[in-house]
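In: Here is the input, now give the coordinates:
(one chain, ligands or ions: 1)
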Amino acid sequence: MVIKPRIKGSLALNAHPVGCKKAVEDQIEYVKSSTSYNGAKKVLILGASSGYGLASRISLAFGGSKADTIGVSFEKEGNGRKPGSAGWYNNIWFKEAAEKEGLVAKNFIGDAFSHEMRDEVIKYIKEEFGGEIDLLVYSLASGVRKDPDTGEVYRSQLRPKGVSITGPTFNVEKESIEELTLDPATPEDEANTIKVMGGEDWNLWVDALTEANVVSKGFQTLAYSYIGAEITRRIYREGTIGGAKEHLENTALDLNKKLKDSIGGSAHVAVKRAIVTKASAFIPIFPLYATVLFKVMEEKGIEENAIAHTHRLFTDMIFGDKMEMDDKGRIRPDSWEMREDVQREVMEIYKDITVDNFKELTDFARYKRDFMQLNGFEIDGVDYEADVDLEAMAKLRP
Ligand SMILES: NC(=O)c1ccc[n+]([C@@H]2O[C@H](COP(=O)([O-])OP(=O)(O)OC[C@H]3O[C@@H](n4cnc5c(N)ncnc54)[C@H](O)[C@@H]3O)[C@@H](O)[C@H]2O)c1
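Out: Next comes the predicted model:
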């Protein structure tokens, strides 16, 4: 079957398994040809199948100390007629590449927020993974979380606080921008977003892992946050999602103290730069800001994609000697995005954008390409006219 991309609005409806393979291989190639580091050797990544979690896994396995990895993700399997989700294939191709080099790459597909998943992963670490991990990367991005104790389902909301805001958002399908008005969050929206994307679940994971004695002495854990600048301030940092990120950052401070006192370990948040991922495509205003950012950073020679940015975080900061940490204990690889000259120039361009001129003023072409590539389309070196054997693909297990 020849697979053509299907998009509705800013939602990708299908993925190209062979394209996903090439995208994973390209990321592996990138880290192999970059500077390597002496890093963690036994790693658990929550949210390992795409975006920053996948980039972290690739960097640690192929660009650092050849880490054995366990990846947890929530992805959809394909069948003989329909491809699965991109992350489903990313897991398969990562595992194949890692095993070829003698590395352990175990995938768990299911709900990372559940106690059952924690129990399964801990059992695996004890029985088959050598008994302990030395790094946990927490990179989940989800719109919904089921409380593992009460069974209640919470949904996060991307809303401003106190005021309503109107701003542009992309329609990738129509290659247009549309005005979107968001009403202010209710107190319940704020609380629900913290429940889903705040630090509660990270804390549960760290407690479960330490109580089960499956973490090494000096164990580290890392979660990803975002701050951003003026353009996205009201929808992101001062919005409901910003409240959740603040909660995550406060959780890091508590966990850091707990781990330091008990096992000489550490917990930190790393503030990452804006990129196109499955999750970020849904944040209003953010994609348009990101496209201008790509353009400005490209002109300044400091543009990075997910893998370059993540590999630099590990090489220079986590396992290197160029740590950038702010007074709140947050690691700041986003300092390039936040540079005063970058933000000033982004703002200058952004204020002139209209529905008619946005393709000239922003790097929309790059945004669309990144968006398509998340699902394995528009990747150099892939023959998109070739038949994909979905029956054979369905037999591959992650
Ligand atoms: N994209 C950005 O620009 C950006 C910038 C800074 C920080 N971040 C942060 O990075 C982290 C990762 O985001 P991303 O953009 O890479 O997202 P993504 O959508 O690419 O990846 C999310 C991952 O979470 C997994 N997941 C979601 N729900 C799950 C569940 N219930 N159980 C198991 N796995 C589940 C998915 O399978 C996937 O592996 C988030 O904390 C996000 O806020 C993102």
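
In: Helices along this protein, start to end?
Out: Assigned by DSSP state H, the chain shows helices spanning 17-32, 51-58, 86-100, 115-128, 187-197, 200-211, 230-233, 240-263, 286-299, 306-312, 340-350, 358-361, 364-374, 390-395.

In: for the ones you listed, which one ends up most surrounded?
Out: helix 51-58 (a mean of 28; mean count of other CB atoms under 10 Å). The way it works is simple: take the backbone N, C-alpha and C, and place the C-beta from them, glycine included.

In: Check what contacts that helix and list those residues.
Out: Contact partners of helix 51-58, identified using CB atoms under 8 Å, 6 or more residues apart in numbering, comprise 24, 27-28, 31, 43, 45-48, 69, 71, 73, 87, 90, 94, 137, 139-141, 224, 272, 275, 277-279, 306-307, 309-311, 314.

In: Is the ligand within reach of that helix?
Out: Yes. Shown here: helix 51-58 in contact with the ligand (CB under 6 Å from any ligand atom) through 51, 52, 53.

In: Kindly report the same for stretch 389-398.
Out: No. Using CB under 6 Å from any ligand atom, stretch 389-398 stays clear of the ligand, with a minimum separation of 11.2 Å.

In: From here on, call the first residue 651.
Out: Sounds good: first residue 651 from here, last item stretch 1039-1048.

In: and that stretch, how far from the chain's centre?
Out: Its chain's C-alpha centre and that of stretch 1039-1048 lie 25 Å apart, by CA atoms, centre = their mean, to the nearest Å.

In: before we move on, what about stretch 953-968?
Out: 13 Å.

In: Please apply the same query to stretch 797-807.
Out: 21 Å.

In: same deal with stretch 817-829?
Out: For stretch 817-829, the distance to the chain centre is 23 Å (CA atoms, centre = their mean).

In: Show me what counts as buried in that stretch.
Out: Neighbour-count burial for stretch 817-829, counted by 16 or more other CB atoms under 10 Å, picks out 817, 818, 819, 820, 822, 827.

In: So what touches it?
Out: Stretch 817-829 is contacted by residues 657-660, 816, 830, 832, 885, 931, 934-935, 937-938, 1003, 1005, 1008-1009, 1014, 1017-1018, 1021 when judged by CB under 8 Å, 6+ apart.

In: Equivalent analysis for stretch 877-886, please.
Out: 808, 810, 813, 815, 817, 832, 876, 887, 892, 895, 921, 924, 933-936, 939, 984, 987-988, 993, 996-997, 1000.

In: related to what we said a few turns ago, now the two most distant members of the buried residues of stretch 817-829.
Out: 817 and 822 (16.6 Å; CB to CB).

In: Point out the residues in the stretch 751-900 of the chain that sit beside the ligand.
Out: 761, 762, 763, 789, 790, 791, 792, 874, 875, 876.

In: In strands, which of those residues fall?
Out: Under the assignment DSSP state E, those contribute 874, 875 to strands.

In: could you dump the residues of the stretch 751-900 of the chain next to the ligand to a markdown table with neighbour count?
Out: Shown next, in a markdown table, are these (neighbours: other CB atoms under 10 Å):
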| residue | neighbour count |
| --- | --- |
| 761 | 16 |
| 762 | 21 |
| 763 | 22 |
| 789 | 26 |
| 790 | 23 |
| 791 | 18 |
| 792 | 16 |
| 874 | 24 |
| 875 | 22 |
| 876 | 21 |
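
In: would a markdown table of the residues of the stretch 751-900 of the chain next to the ligand with pLDDT and distance to residue 902 be doable?
Out: Formatted as a markdown table, those follow (pLDDT from 0 to 100; distance: CB to CB, whole Å):
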| residue | pLDDT | distance to residue 902 |
| --- | --- | --- |
| 761 | 98 | 23 |
| 762 | 98 | 18 |
| 763 | 98 | 19 |
| 789 | 98 | 14 |
| 790 | 98 | 15 |
| 791 | 96 | 17 |
| 792 | 96 | 19 |
| 874 | 98 | 11 |
| 875 | 98 | 8 |
| 876 | 97 | 14 |
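
In: Closest to residue 899 out of the residues of the stretch 751-900 of the chain next to the ligand?
Out: Checking these one by one against residue 899 (CB to CB), the nearest turns out to be residue 875, at 5.9 Å.

In: so who does that closest one touch?
Out: With contacts defined as CB under 8 Å, 6+ apart, the neighbours of residue 875 are 895, 898, 899, 919, 920, 921, 922, 980.

In: now, which of those sits nearest residue 855?
Out: Using CB to CB, those come closest to residue 855 at residue 898, 12.6 Å.

In: Now do the contacts for residue 938.
Out: Counting by CB under 8 Å, 6+ apart, residue 938 has contacts 817, 818, 819, 820, 827, 1000, 1003, 1008, 1012.

In: ok, 6 Å please
Out: By CB atoms under 6 Å, 6 or more residues apart in numbering, residue 938 lies in contact with residue 818.

In: With the one 4 residues further on instead?
Out: By CB under 6 Å, 6+ apart, residue 942 lies in contact with 996, 999, 1000, 1012.

In: Excluding chain neighbours, what is closest to the last one?
Out: Think residue 1012. If the residues on either side of it in the chain are set aside, residue 1012 comes closest to residue 941, at 3.8 Å by CB to CB, 6 or more residues apart in numbering.

In: quick one on the thing from earlier: possible to save the helices of the chain as JSON lines with mean pLDDT?
Out: Putting those into JSON lines (pLDDT from 0 to 100) gives the following:
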{"stretch": "helix 667-682", "mean pLDDT": "98"}
{"stretch": "helix 701-708", "mean pLDDT": "98"}
{"stretch": "helix 736-750", "mean pLDDT": "98"}
{"stretch": "helix 765-778", "mean pLDDT": "98"}
{"stretch": "helix 837-847", "mean pLDDT": "98"}
{"stretch": "helix 850-861", "mean pLDDT": "98"}
{"stretch": "helix 880-883", "mean pLDDT": "92"}
{"stretch": "helix 890-913", "mean pLDDT": "98"}
{"stretch": "helix 936-949", "mean pLDDT": "93"}
{"stretch": "helix 956-962", "mean pLDDT": "98"}
{"stretch": "helix 990-1000", "mean pLDDT": "96"}
{"stretch": "helix 1008-1011", "mean pLDDT": "90"}
{"stretch": "helix 1014-1024", "mean pLDDT": "93"}
{"stretch": "helix 1040-1045", "mean pLDDT": "94"}
